[in-house]
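> Here is my input; please provide its structure:
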Amino acid sequence: MNKVKNKNSQPSKNPLIRILEVEFFSKEDIQKWLPFVVYCTILAFIYISNRIYAEKRIRHLNALQKEVRNAQADYYTIKSNIENLTKPTEIARRVKHLGLKQNLKPAEIIKKEN
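Predicted coordinates for the structure are as follows:
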């Protein structure tokens, strides 16, 4: 993989000089590893994109849950107000100024006789 720049085939004994003489990225090495590097880059891009998408969806989901909780609280408030307004005593109180009174007699059933 790594090629020595030195003309003679024996590497030097000094490790520092050996590091400086080695060509770390030769043309062959780059061509050999390029598909793997491209694959890793694409994989990293997909991973980052997926993470951003998931965080965006979670923020949206949390906002919807908050909105549902607020709508549910409004629903129960309105429902209790309507139940209070439709009680017979409340209706009688609200129409009293019109001169209407609540019928206290039970309903009578009229039967036709042959």
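
> CA only for contacts and neighbour counts going forward, please
Will do.

> Please settle this for me: is Lys105 part of a strand?
No - judged by DSSP: H, G, I helix; E, B strand; the rest coil, Lys105 forms no part of a strand; its state is coil.

> For it, give me phi and psi.
The phi/psi pair for Lys105 (degrees, to the nearest 10) reads phi -80, psi 140.

> That one and Lys96: what is the separation?
Counting by C-alpha to C-alpha, to the nearest Å, the gap from Lys105 to Lys96 is 18 Å.

> now His60
His60 is 50 Å from Lys96, where distance means C-alpha to C-alpha.

> returning to what we had before: which of Lys105 and Lys96 has more neighbours?
Comparing Lys105 with Lys96 by neighbour count (other C-alpha atoms under 10 Å), the higher total belongs to Lys96, at 12 against 6.

> right, and the secondary structure at the more buried one would be what?
Lys96 ends up helix, using three-state DSSP.

> Against Ala107, how distant is it?
Distance of Lys96 to Ala107, computed by C-alpha to C-alpha: 21 Å.

> quick one, longest helix in the chain?
Determined from DSSP state H, the single longest helix within the chain is helix 27-85.

> pLDDT of that one, averaged?
For helix 27-85, mean pLDDT rounds to 94.

> Figure out how far it is from the centre of its chain.
In terms of C-alpha atoms, centre = their mean, to the nearest Å, the centre of helix 27-85 is found 3 Å from the chain centre.

> How about stretch 107-114?
Averaging C-alpha positions (C-alpha atoms, centre = their mean) puts stretch 107-114 65 Å from its chain's average.

> Would you mind putting the CA coordinates of that stretch into CSV?
Backbone C-alpha positions of stretch 107-114 (Å, rounded to 0.1, in the frame of the first residue of the first chain) are rendered in CSV as follows:
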residue,chain,number,x,y,z
ALA,A,107,-97.7,15.0,30.3
GLU,A,108,-101.1,13.5,29.6
ILE,A,109,-101.6,10.7,27.1
ILE,A,110,-104.7,11.1,24.9
LYS,A,111,-106.2,7.9,23.6
LYS,A,112,-108.7,7.7,20.9
GLU,A,113,-111.6,5.4,21.6
ASN,A,114,-113.4,3.5,18.8
